[in-house]
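>>> Structure for this input, please:
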Amino acid sequence: MTNSAYRLAVDPTYGFLRVDPTPSVKEVEHYYLNEFYSGEYRQFNDSQLQVQQEQKDFFRLHWQFIHDQCEKFIGPLAGRTLLDIGCGYCQALLYFRERGLQVHGLEPSKEGADYAAAHDIPCVRSGIETMPADLGRRFDVVTLLNVLEHLREPARALIEIRERYLAPGGVLAIDVPNEFNDFQTTANVVHNLGEWWVHAPVHLNYFSPSSLRRLVELCGYRVVGAEASFPLEMFLLWNDVYVGNGALGSACHQKRMAFELNLVKHGKLEKLKQFYAALADLELGRQVTIYATPAAGK
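Numbers count the residues shown, from 1 in each chain. As a prediction, this is how the structure comes out:
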């Protein structure tokens, strides 16, 4: 099915934008079990192993942000347990293991599960729409990185994570694209780009920092922090129209990486964290990461 087969509608309960009609469980599970790493989507999939290895410093900085924020909320992480739902090729888990955590994965694809086994990472191969009722333990940290936008029932997944997997006092880190942000929608009007960020049925849900926060809170969590990522759409507002231009898109991405890595190299990591937290408050940035703990009584 193509984009033309769908429209976007406001979820009546949680307020985020979602694809209508919703694809069936069978369609979604088939996609992630069989096509996510080997089908057409692989060419622009940041979960690809080659992409993460070629841009290792860039990805590790993002995972460092997550590590440091989780440690800020629940204390030292060395020796604690972490579950990455939709762990892919386990590059984040390898990083967290280096930092002293006991890491575990849950992954629908054969490629990802096989990679985990080859690197001695405990991993359950399972669909995310139909997660196991019990993994035999609860985890101090659960990460859901670029997953929630793909799920038919994101609220149900969040509730199940809280009820089944997250330890009391643990922290959940959710990272999703920040869609329909002001830089994005303005660039869309200026350059007539046709809402290029809408990828139905690959992306089923479209979040902003505020709509993600609302969803998470209604699912029984207390949001304790948020940060955004570099607002890549600024390049479009500078008339660097990278949409549909792979070479220019790569050049813009290289500049984004240089911006971050140069700041870190020269001792400005904390300032960069503050900058990205401020962007989240402004509902700007290409991605948004929300940190949440179970609400009192949950």
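>>> Can you give me the distance of the nearest residue to residue 52 once chain neighbours are set aside to residue 249?
In space, and not counting its chain neighbours, residue 52 is closest to residue 91: 4.5 Å by C-beta to C-beta, 6 or more residues apart in numbering. (Each C-beta comes from the backbone N, C-alpha and C, glycine too.) According to C-beta to C-beta, to the nearest Å, residue 91 and residue 249 sit 22 Å apart.
>>> ok, now residue 290?
For residue 290 relative to residue 249 (C-beta to C-beta), the value is 26 Å.
>>> go on, residue 82?
Distance from residue 82 to residue 249, counting by C-beta to C-beta: 32 Å.
>>> Same question for residue 183.
If you go by C-beta to C-beta, the gap between residue 183 and residue 249 works out to 16 Å.
>>> cool, residue 26 as well?
Per C-beta to C-beta, residue 26 is found 34 Å from residue 249.
>>> Give me the more crowded residue out of these two.
Remark: of residue 26 and residue 249, residue 249 carries more neighbours, 17 against 9, as counted by other C-beta atoms under 10 Å.
>>> For the more buried one, which non-adjacent residue is spatially closest?
Nearest non-adjacent residue to residue 249, counting by C-beta to C-beta, 6+ apart: residue 242, 3.8 Å away.
>>> Just checking: what are the partner strands of the host helix or strand of residue 227?
If you go by DSSP states H and E, residue 227 is part of strand 221-228. Taking DSSP bridges as the criterion, strand 221-228 sits next to strand 287-294 (antiparallel) in its sheet.
>>> Following element in sequence after the lowest-mean-pLDDT helix or strand in the chain, please.
In the chain, no helix or strand scores lower on mean pLDDT, DSSP states H and E than helix 25-34, which sits at a mean of 67. Following helix 25-34 in sequence order, the next helix or strand is helix 49-54 (DSSP H and E).
>>> Which parts of the stretch 101-250 of the chain are strands?
102-107, 123-125, 139-145, 166-177, 205-206, 221-228 (DSSP state E, counting those that start in this stretch).
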